[in-house]
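Asker: following is a predicted model, sequence given first.
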Amino acid sequence: MAPEVRLSGPDNEPLGVVSLIEALRMAGELDVDLVEIAATANPPVCRLMDYGKFKYQEQKRAAEAKAKQTVIEIKEVKFRPGTDDGDYHIKMRNIRRFLADGDKCKITLRFRGREITHQELGLALLNRIRDELADVIIVEQFPKLEGRQMIMMIAPGKKKPVAKPVPDQAPVAGTAAVT
């Protein structure tokens, strides 16, 4: 430990360069802790503060920052080439809900047996999904065949601001319209 330290007070006001013993005495008088801020400086920088309170506030700030972060999940919705309309509408409702929550969606179309020979049916289904959701999505990965399944990734798109109608301006009282 250095024989002298650059000291700042509890309200961060500079108190100058003082001896270590003097800094410890001042900390005892004010009933606070002597905390080393920058050990590599010459002389080392120390501050008089309540260390427990400082750690608590730092922890609280970190928790606030963590709470403000949003985690984007990838939700997977599975289809088959023969998915009927009822199931299709339920899956579309789920996709819309996931997108509204801000999550990305991985749409998987699984081929079984000889269905793989009719890939155009799967592509048509994925294109139908894309076209129905065109106003609310961004396609991150276009339909791509991976093994026996076709995959498309979509993410929530930017919401378009609703245009407000401009009210017609009424003529000012006292002026006559010239015709």
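Answerer: Now that the structure is in, tell me what you want to look at. Because the structure is predicted, anything quoted here is derived from the model rather than measured. Residues are numbered from 1 along each chain as shown.
Asker: quick one: list the elements packing against the top strand by length along the chain.
Answerer: As assigned by DSSP state E, the longest strand anywhere in the chain is strand 137-146. Contacts defined by 3 or more Cβ pairs under 8 Å, 6 or more residues apart in numbering; DSSP states H and E place strand 137-146 against helix 119-132, strand 149-156. Every residue, glycine included, has its C-beta placed from N, CA and C.
Asker: how's the protein carved up into domains?
Answerer: If you go by automatic domain parsing, the domain ranges for the chain are 4-66, 74-156.
Asker: including mean neighbour count and mean pLDDT, could the ones you listed go into JSON lines?
Answerer: Shown next, in JSON lines, are the domains of the chain (neighbours: other Cβ atoms under 10 Å; pLDDT from 0 to 100):
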{"stretch": "domain 4-66", "mean neighbour count": "14", "mean pLDDT": "90"}
{"stretch": "domain 74-156", "mean neighbour count": "15", "mean pLDDT": "92"}
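Asker: SS state for the residue nearest to the spatial centre of the chain?
Answerer: With distances taken as Cα atoms, centre = their mean, the residue of the chain nearest its centroid is Thr70 (3.7 Å). Counting by DSSP: H, G, I helix; E, B strand; the rest coil, the backbone at Thr70 sits in coil.
Asker: show the contacting residues for it.
Answerer: Thr70 is in contact with Gly102, counting by Cβ atoms under 8 Å, 6 or more residues apart in numbering.
Asker: ok, it to Asp103 distance?
Answerer: Thr70 is 10 Å from Asp103, where distance means Cβ to Cβ, to the nearest Å.
Asker: likewise Gly113?
Answerer: 32 Å.
Asker: try Thr40
Answerer: Taken as Cβ to Cβ, the span from Thr40 to Asp103 is 45 Å.
Asker: what does Asp135 give?
Answerer: With Cβ to Cβ as the criterion, Asp135 and Asp103 are 18 Å apart.
Asker: Arg112 reaches Arg148, doesn't it?
Answerer: Yes. With contact defined as Cβ atoms under 8 Å, Arg112 reaches Arg148; the gap is 7.4 Å.
Asker: roughly how far is stretch 92-111 from the heart of the chain?
Answerer: 19 Å (Cα atoms, centre = their mean, to the nearest Å).
Asker: hey, C-alpha coordinates of that stretch in CSV?
Answerer: Output of stretch 92-111 as CSV, limited to C-alpha atoms (Å, rounded to 0.1, in the frame of the first residue of the first chain):
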residue,chain,number,x,y,z
MET,A,92,-51.4,-19.3,-38.0
ARG,A,93,-53.1,-17.9,-34.9
ASN,A,94,-50.2,-19.1,-32.8
ILE,A,95,-47.6,-17.7,-35.3
ARG,A,96,-49.4,-14.3,-35.1
ARG,A,97,-49.3,-14.4,-31.3
PHE,A,98,-45.6,-15.3,-31.2
LEU,A,99,-44.8,-12.4,-33.6
ALA,A,100,-46.9,-10.0,-31.5
ASP,A,101,-44.9,-11.0,-28.5
GLY,A,102,-41.7,-10.1,-30.4
ASP,A,103,-40.5,-13.7,-30.9
LYS,A,104,-39.1,-15.1,-34.1
CYS,A,105,-40.7,-18.2,-35.7
LYS,A,106,-39.2,-21.2,-37.3
ILE,A,107,-41.7,-22.8,-39.6
THR,A,108,-40.9,-26.4,-40.3
LEU,A,109,-42.6,-28.5,-43.0
ARG,A,110,-42.0,-32.2,-42.5
PHE,A,111,-42.2,-34.6,-45.4
